[in-house]
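Engineer: Sequence first, predicted model second:
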Amino acid sequence: MKRRQFIQTVGVGTATVSLAGCTASDGDEADVSVTLVRNAPENPGPFEDPVGTVTPQESEELIIDGFTFQRAGQKGLVVAGDARNTGDRPLQNVVVEVTLHDRNESEDELLDSASEQSSHERLDTGETWQWATTFDEQEFQIDYYVVKATASYV
């Protein structure tokens, strides 16, 4: 598949990441939102930590950490981590979306990106969910990735 065709297949993203359709069952916006931006290591190995947190946590009720960013041979790339409910209320409709980005310093001025989601129905107080997203081999360089988690109160 050619690069431009691949981009059209997975969609062209922007540097601002939003999670459409992640709403509570009554139609309200998600109650809790966390977004982290991490630099992607050039040649990640198993369980290698990403390089630095660029954007801090936005929520004290939902924590995402314990990241793994690694190439998985023929499977492509895996980004995984933990989502913990540190609040005093259960959370539902927990969605983690990972978006890979290329700063794209080429002349075509398109921002290359690809997104995958993982979801969990309910996360009780004190509970940890180990989430994972798998990407097919990317046809663009990955400079950084964005992890956004959203959830609603039960």
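Structural biologist: Thanks, I have it.

Engineer: so Trp129 is in which element?
Structural biologist: Per DSSP states H and E, Trp129 falls inside strand 128-135.

Engineer: Give the rounded mean pLDDT of the helix or strand that comes right after that strand.
Structural biologist: Using DSSP H and E, the next helix or strand after strand 128-135 towards the C-terminus is strand 144-153. Here strand 144-153 scores 92 as its mean pLDDT.

Engineer: now do stretch 33-40
Structural biologist: 83.

Engineer: list the helices and strands the one helix or strand Ile63 maps to packs on?
Structural biologist: According to DSSP H and E, Ile63 maps onto strand 62-71. In terms of contacts (3 or more Cβ pairs under 8 Å, 6 or more residues apart in numbering; DSSP states H and E), strand 62-71 is packed against strand 32-39, strand 77-85, strand 91-101, strand 144-153. Placement of C-beta: from N, CA and C, glycine included.

Engineer: How many residues are close by the closest residue to Val154 other than its chain neighbours?
Structural biologist: Of all residues not flanking Val154 in the chain, Pro90 sits nearest, at 4.2 Å (Cβ to Cβ, 6 or more residues apart in numbering). Using other Cβ atoms under 10 Å, Pro90 has 15 other residues around it.

Engineer: how near is Pro90 to Leu62?
Structural biologist: 11 Å (Cβ to Cβ, to the nearest Å).

Engineer: next one: Leu77
Structural biologist: 24 Å.

Engineer: Glu139 too?
Structural biologist: 33 Å.

Engineer: now do Trp131
Structural biologist: In this view, Trp131 and Leu62 are 12 Å apart by Cβ to Cβ.

Engineer: Poorly predicted segments of the protein, please.
Structural biologist: Scanning the chain for pLDDT under 70 picks out 1-28, 41-58, 105-111, 138.

Engineer: Swap in 80 and give it another go.
Structural biologist: Along the chain, segments meeting pLDDT under 80 span 1-29, 39-58, 71-75, 103-111, 137-140.

Engineer: Wait, the residue nearest to Val154 touches Leu123, no?
Structural biologist: Yes - with contacts counted by Cβ atoms under 8 Å, Pro90 reaches Leu123, the gap being 6.8 Å.
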